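Student: missing the sequence, but the structure's below:
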């Protein structure tokens with residue numbers, strides 16, 4: 001562990017690869033109180049399989065995090081990746097270990113208001129559903145006001161995340177299945193503040209963002225920023241996006257920015 005500029009870095013990856021290394025001074029039985037009270041945000045890097053088999057919690061215990069509390073931390077940034085060749089699905093008791101890891105995080109950072117998740121580009125496709133379970137558990141059992149997911153992994157399938165609810169910020173940075181992306185957005189309509197779906201892979205058969213399967217209108221009451229492929233734009237923006245202030249559209253390689261106020265065709269500018 002090392003501390004700089006009020007940011008605490010907890011890199012479980014290094015401990016996973018080299019167990020003899022420690023994140024804290026071996027001579028100290030507890031983490032220094034000054035670090036606990038000065039750290040304002042945290043970067044935590046860990047392998048998914050280490051969470052699902054309990055190894056990450058063991059690493060944190062071995063490095064004196066058991067019983068520690070960082071009361072000033074308000075921002076928690078979590079970077080996850082696939083760590084070993086053992087498929088997560090073959091890990092027994094993974095649900096218990098996920099619950100324990102999430103409880104561990106909440107004990108360490110009881111006042112964290114922002115949970116920001118990112119998945120490594122090298123995460124295995126087979127881990128997709130596990131990614132969804134982990135994010136769901138972390139978000140639904142916290143009091144965070146910001147829950148951000150940045151999808152930059154070509155391996156993880158968004159279809160494995162569609163049960164995640166409570167997201168406030170969502171960014172899809174790779175060529176994910178747009179139909180799955182739209183479904184994830186729809187499920188989080190009540191809480192989303194910012195959405196970036198500026199991907200060229202959009203087709204006419206993809207369900208619209210603003211209509212449920214029964215034909216009823218979906219409303220995004222808190223959404224203020226939207227970046228989206230022009231094929232997905234609904235005709236009536238005001239009804240579904242009453243709080244929208246910033247709209248950016250993509251058409252293949254062309255980006256159309258700052259197109260408010262409506263209607264879109266009368267105010268579009270290209271950059």
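Tutor: In hand now; what should we look at? The model shown is predicted, which means the values in this text are computed figures rather than measured ones.

Student: which regions of the stretch 51-200 of the chain sit below the pLDDT cut-off?
Tutor: 82-92, 121-127, 153-156, 174-176, 198-200 (pLDDT under 70).

Student: so where do the strands sit in it?
Tutor: For the stretch 51-200 of the chain, the strands defined by DSSP state E, counting those that start in this stretch cover 75-81, 114-119, 146-151, 169-172, 194-197.

Student: what does the third one rub up against?
Tutor: Spelled out, it's strand 146-151. 113-119, 135, 139, 158, 161, 164, 166-174, 176, 191 (CB atoms under 8 Å, 6 or more residues apart in numbering). In this view, the C-beta of every residue, glycine as well, is placed from N, C-alpha and C.

Student: related to what we said a few turns ago, which stretch among the strands of the stretch 51-200 of the chain comes nearest residue 58?
Tutor: strand 75-81 (17.1 Å; CB to CB).

Student: Show me what the closest one is packed against.
Tutor: strand 41-47, helix 48-52, strand 114-119, helix 128-140 (3 or more CB pairs under 8 Å, 6 or more residues apart in numbering; DSSP states H and E).

Student: residue ranges for the helices of this protein, please.
Tutor: 12-17, 33-38, 48-52, 55-62, 94-108, 128-140, 178-187, 237-240, 264-267 (DSSP state H).

Student: Mean neighbour count added to the strands of the stretch 51-200 of the chain, as a markdown table?
Tutor: As requested, the strands of the stretch 51-200 of the chain are exported to a markdown table (neighbours: other CB atoms under 10 Å):
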| stretch | mean neighbour count |
| --- | --- |
| strand 75-81 | 20 |
| strand 114-119 | 21 |
| strand 146-151 | 20 |
| strand 169-172 | 20 |
| strand 194-197 | 20 |
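
Student: before we move on, the earlier item: so of the helices of the chain, which one's packed in deepest?
Tutor: Of all the helices of the chain, helix 48-52 has the most neighbours on average by mean count of other CB atoms under 10 Å, namely a mean of 25.

Student: Neighbours of residue 221, how many?
Tutor: By other CB atoms under 10 Å, 12 other residues sit near residue 221.

Student: do the one 10 residues further on as well
Tutor: Summarising burial for residue 231: neighbours were counted as other CB under 10 Å, giving 16.

Student: so residue 224 makes contact with residue 245?
Tutor: Yes - assessed by CB atoms under 8 Å, residue 224 is found in contact with residue 245 at 4.8 Å.

Student: Surely residue 139 touches residue 166?
Tutor: Yes - between residue 139 and residue 166 there is a contact under CB under 8 Å: 4.3 Å.
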